[in-house]
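**Student:** What follows is a predicted structure for the sequence shown.
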Amino acid sequence: MQWNLVLFILMGQSCFINCQLYEFLYINKDMNWTEAQQYCREKHTDLATVSNMADMKRLLSTRAGDKREAWIGLKDHGNRTWYWSLPGVEFNERETNWNPGEPSDVNNGNENCGYLNNDLRWIDTGCQHKYHFLCYNETKRTQKYHLIREKKTWQEAQSYCREKHTDLISGMKQLQDGELKEVMKSADNKTYFGLFRDTWRWSDGSSFSFRHWQDWLNNQEINSGRCAVAGIDDEGRWKTDSCNLEKPFICYNADKVILVQENKSWEDALDYCRKYHVDLVTITSLDEQRWIQEKAKNATTDYVWMGLHYACTLDLWFWVNDKMVKYENWASEQPMDDCDMSGAMETGGEHQWRKKNDSEKFNFICSKD
């Protein structure tokens, strides 16, 4: 098949991604958390999972003026886990830079946030302390890292970064950046960054680290037997309550894409998707990347095919449903562009994109709408 001509053939096709990959549904029935979870799993996908503030605004819009608290899919499981503040960046216990003897957790389970010392070593601390902090900017045309010389609690620092920048700096890729090291030369010996831990887990098993607590410090402690509700204020900030109480709840549907656990070449995967579904998946934003990589985690291969292909003659990458490549998540030091190459996503690690020969066989992700 001459894929360098396909771009022109497909320009008239509509793109499934114009629709959201998932939708929220407010269920105005009173159930306890477990009953709500079962209802959502039977009739939709699961209780609502919230990955960022854009999700939160969409979730609130489903309530149509109903101001009652509503269950979402977050439950306390008692075991603390470290997370990065920036959604989509996953914490890897094998890649850390703790100061010797850390995390010490000397205050009996209350040291759930991290700060950097002058050597960029990590130290755990109570989230209520007020320190300087580091923000990250996603837009490449601006300065990436900002040292904020105002002393705030960890949650106040996170809110500041999310309002004025993108988030607190998060992940080894940012922390090892030479540009950050220059910024840190003038930093205080205690500077907050985007590391925290808590005991909360999403019903659908996803690892999203986004939290929107009304009383954030209280919910860093173990709240076994508690579940989360979207609150009644305009921002819908979350509170906790006994999981046995009956409340309305919010489900989500995520049936726009499907992981196919069969090993196929890129062209065979494309043919399969078009025969049984719609197309190989397209990713046009960071939000879509975060949701697709959750699907990819369940693959049986190290990579999954996407609908991304290289056109030799035109010397460009394109999505097979006619979208130009604007959002990118390529791994560094990729091989040179060459004929018979397509894009695959890592199913582990940072879920970056890799250029792979079409003949290699991987699982793949199809769009269904």
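**Tutor:** That came through, no problem.

**Student:** Spit out the contact partners of residue 239.
**Tutor:** Going by CB atoms under 8 Å, 6 or more residues apart in numbering, residue 239 touches 69, 213-215, 228-229, 231. (C-beta placed from N, C-alpha, C; glycine too.)

**Student:** can you do 10 Å?
**Tutor:** For residue 239, the contacting residues are 69, 213-215, 218-219, 226, 228-233, by CB atoms under 10 Å, 6 or more residues apart in numbering.

**Student:** any idea how far residue 227 is from it?
**Tutor:** Here the criterion is CB to CB, to the nearest Å. By it, residue 239 lies 10 Å from residue 227.

**Student:** Distance check, residue 294 against residue 287.
**Tutor:** Distance from residue 294 to residue 287, by CB to CB: 12 Å.

**Student:** do the same with residue 29
**Tutor:** Applying CB to CB, the value for residue 29 to residue 287 is 29 Å.

**Student:** Neighbour count: the two, which is higher?
**Tutor:** Neighbours were counted for residue 29 and for residue 287 using other CB atoms under 10 Å; residue 287 has more, 19 against 11.

**Student:** mind checking the SS state of that one?
**Tutor:** Each residue gets one of three states, and residue 287 gets helix by DSSP: H, G, I helix; E, B strand; the rest coil.

**Student:** if I pick it, what's in contact with it?
**Tutor:** By CB under 10 Å, 6+ apart, the contact list for residue 287 reads 20-22, 51-52, 54-55, 87-88, 327.

**Student:** Show the buried residues in those residues.
**Tutor:** Among the contacts of residue 287, those buried by neighbour count (16 or more other CB atoms under 10 Å) are 21-22, 51-52, 55, 87-88.

**Student:** Output these as CSV; include the columns pLDDT, secondary structure and distance to residue 133.
**Tutor:** Shown next, in CSV, are those (pLDDT from 0 to 100; DSSP: H, G, I helix; E, B strand; the rest coil; distance: CB to CB, whole Å):
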residue, pLDDT, secondary structure, distance to residue 133
21, 74, coil, 32
22, 82, coil, 32
51, 87, coil, 22
52, 85, coil, 20
55, 88, helix, 24
87, 81, coil, 18
88, 76, coil, 20
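
**Student:** Nearest to residue 261 among these?
**Tutor:** The nearest member of these to residue 261, counting by CB to CB, is residue 21 at 19.3 Å.

**Student:** tally of neighbours for residue 322?
**Tutor:** Here the number of neighbours of residue 322 (other CB under 10 Å) works out to 18.

**Student:** didn't it look like it was pressed against residue 282?
**Tutor:** Yes: counting by CB atoms under 10 Å, residue 322 touches residue 282, with 9.0 Å between them.

**Student:** Does the residue nearest to residue 173 when sequence neighbours are not counted lie in a helix or a strand, and which?
**Tutor:** Using CB to CB, 6 or more residues apart in numbering and skipping residues adjacent in sequence, the residue nearest residue 173 is residue 350, 7.1 Å away. Assigned by DSSP states H and E, residue 350 belongs to neither a helix nor a strand.

**Student:** Could you pull up the contacting residues of residue 350?
**Tutor:** Residues near residue 350 by CB under 10 Å, 6+ apart: 88-90, 92, 171-173, 293, 329, 331.

**Student:** joint contacts of residue 294 and residue 287?
**Tutor:** In contact with both residue 294 and residue 287: 51, 88, using CB under 10 Å, 6+ apart.

**Student:** just to revisit the earlier point, most neighbours of all the contacts of residue 350, which one?
**Tutor:** Comparing those by number of neighbours (other CB under 10 Å), residue 293 comes first, having 25 neighbours.

**Student:** ok, the closest residue to that one other than its chain neighbours to residue 202 distance?
**Tutor:** Nearest residue to residue 293, sequence neighbours excluded (CB to CB, 6+ apart): residue 351, at 3.8 Å. Look at residue 351 and residue 202: by CB to CB, they are 17 Å apart.

**Student:** Hmm, residue 288 is touching residue 21, no?
**Tutor:** Yes: between residue 288 and residue 21 a contact is recorded at 5.9 Å, counting by CB under 10 Å.

**Student:** Spell out which residues are contacts of both of the two.
**Tutor:** Shared contacts of residue 288 and residue 21, defined by CB under 10 Å, 6+ apart, comprise 256-257, 281.

**Student:** and those as a markdown table, adding distance to residue 35, neighbour count and pLDDT?
**Tutor:** Shown next, in a markdown table, are the shared contacts of residue 288 and residue 21 (distance: CB to CB, whole Å; neighbours: other CB atoms under 10 Å; pLDDT from 0 to 100):
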| residue | distance to residue 35 | neighbour count | pLDDT |
| --- | --- | --- | --- |
| 256 | 26 | 21 | 83 |
| 257 | 28 | 23 | 87 |
| 281 | 33 | 32 | 94 |
